[in-house]
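Trainee: fold the following and give me the result.
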Amino acid sequence: HVGRVRPTLMSAVPSRLPAASQLCDWVASHGGDVSGVRVCDTSNMGLGLVAARAIRRGDAILTVPNGLAITTESALRSEILGPYLAEFEPELADYSFIAVALLNEERLGDQSPLAPWLSSASRATSHDLPLLWPDEAQVELEQSTAAPFAKRRAAAKADYEWLQANVFDQSPMVFPSSVFSEAAFLRAVSEAISHSAYIVPDSADEPARLAMMPLLELANHAVPPTASTSFRSASAGFLGRGEAPAAVQLLAIGDIAEGQAVCTKYADATQGELLVDYGFITEPIPPETSLSFGLNPNDLNLYEKEAILEGANLAPTQAFILSESEPLPYELLSYLRLIHLGPPTTPSDAFLLEALFADSLWREHLPQPISRQNEAAALQLGFDAATEALLRLRGDLQRDLSTLAEAPRESCEYRLAAVRYAERRALEAAAAAFRAELRSLDGLEYYQERRLRMLNLTPIETEEQLEALRSAGRAMTSEDYDW
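Mentor: Next up is the predicted model:
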């Protein structure tokens, strides 16, 4: 059984259902297809979508015209916002663009073409999202998960400060402080993070993008999901018939029975990351955590290492999920070895960064120990990260277990304790695994040994082996040769 633990919203679900039905009619009137879904009360998850009929795998369940979306593109194309946001390079990327666009549409009120959606009673009127929590609760969240909430909060603050200095204060008639305040921006960013969906393009040449859309935001999170989002390009039809606008669709991942929940997977995330971004957790909570590592921006071989990571579909700063029940991910170990490959840690290993090894380094060499010095540095980096994350966690296991037994499941206190308990177990297991690997350094085979073995050569490691080689040489050469 998988349950979703989230706060009870102030707006009662029954009063929101009639408005949700009206919203469906509005989407359909703009060219959408809502015949495959209906909105219903999903008890502990609030409003959600279920299949209105049996749906086959791969079929569209819901189609929402792209013109009803709030995206970075729609913000930049806006006659009001576009000129002011042209130089905006937000730390929160698409989320901050969507937040500004959302505030602008809300400010327009009934004049906004999206008013029937944004003013609909089907939308929640309260938001128990971490960026909006009181300071004390936010501090406890930072001490409950390795997920980077402090970085998320700092990024939101930095984006607002840039907007305030370069946009809002410069044009107060266009951006009144009563609408574009810091509190309003944080609320809009929180909505953008928790309500937007990644839309997979219909062309492999285009990147996925974030979009906030009516009805689509009502799909709840589940693992495994029953549906995925996809972009459908506009089609002209034949002789002017069958014309279809660009749209975003929910596609069935497998066969879906009538009345079955239509859920998407919000992200490949730990429970701590779900809590930071969406304000909820799902139970049972696996003992998992996420740790981030990054290349040194001053690394002499930064360009070569970034190219290697790009070929492996990894970023210069990358998060890895660690589980109590699984060994250390091989991709993480490869990443840590790459960080310390070459100077200043292991300059003698720098030859592996040459173009000759570009195609084979990640695939063949980094999954195995490179040198004793490199392996020790890589494992120490992982051990230190796990240990530091452990030290940041509030309280202890027994205190968390007591909270889980006594606190209401919908409370913030319960959610924080549940995440803390799971991540503490995962971090302790990770630290123990790194420690064990560090103790086994002498028993590992490194790159040079592997290379000699492949050439059927044996490295000389002892005086006895060296003397045996000398004896063999004397037997095969003249006696007057100086061995």
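
Trainee: need the contact list for the closest residue to Leu314 other than its chain neighbours.
Mentor: Among residues not flanking Leu314 along the chain, Tyr335 sits closest, at 6.8 Å (Cβ to Cβ, 6 or more residues apart in numbering). Just so you know, the C-beta spots here come from the backbone N, C-alpha and C atoms, and that holds for glycine as well. By Cβ atoms under 8 Å, 6 or more residues apart in numbering, the contact list for Tyr335 reads 293, 309, 314, 318, 320.

Trainee: and Tyr335, how far from Cys263?
Mentor: Using Cβ to Cβ, to the nearest Å, Tyr335 is found at 32 Å from Cys263.

Trainee: one more: Ser360?
Mentor: 41 Å.

Trainee: so for these two, which sits in the more crowded spot?
Mentor: With neighbours defined as other Cβ atoms under 10 Å, Ser360 and Cys263 compare such that Cys263 has more, 23 against 11.

Trainee: assign that one to helix, strand or coil.
Mentor: Following DSSP: H, G, I helix; E, B strand; the rest coil, the label given to Cys263 is strand.

Trainee: bridged to it, which residues?
Mentor: Asn220 (DSSP bridges).

Trainee: per-residue confidence at it?
Mentor: Note on Cys263: pLDDT of 95.

Trainee: just checking, it touches Ala219?
Mentor: Yes. Between Cys263 and Ala219 there is a contact under Cβ atoms under 8 Å: 6.1 Å.

Trainee: need the residues touching each of those two.
Mentor: Joint contacts of Cys263 and Ala219 (Cβ under 8 Å, 6+ apart) are 48-49, 227.

Trainee: quick check, nearest of those to Gln271?
Mentor: Nearest to Gln271 among the shared contacts of Cys263 and Ala219 is Gly48, at 19.7 Å by Cβ to Cβ.

Trainee: what about Gln260, how many neighbours?
Mentor: 14.

Trainee: what do you get for Thr42?
Mentor: Counted by other Cβ under 10 Å, the residues lying close to Thr42 total 17.

Trainee: please identify the helix or strand for the nearest residue to it once chain neighbours are set aside.
Mentor: With sequence-adjacent residues excluded and distances taken as Cβ to Cβ, 6+ apart, Thr42 is closest to Gly48, at 3.8 Å. Per DSSP states H and E: Gly48 is located in strand 47-51.

Trainee: next structured bit after that strand?
Mentor: That would be, after strand 47-51 and using DSSP H and E, strand 60-65.

Trainee: to the chain's geometric centre, what's the distance from that next one?
Mentor: Strand 60-65 sits 25 Å away from the centroid of its parent chain (Cα atoms, centre = their mean, to the nearest Å).

Trainee: and it, what does it pack against?
Mentor: Applying 3 or more Cβ pairs under 8 Å, 6 or more residues apart in numbering; DSSP states H and E, one finds that strand 60-65 contacts strand 47-51, strand 247-252.
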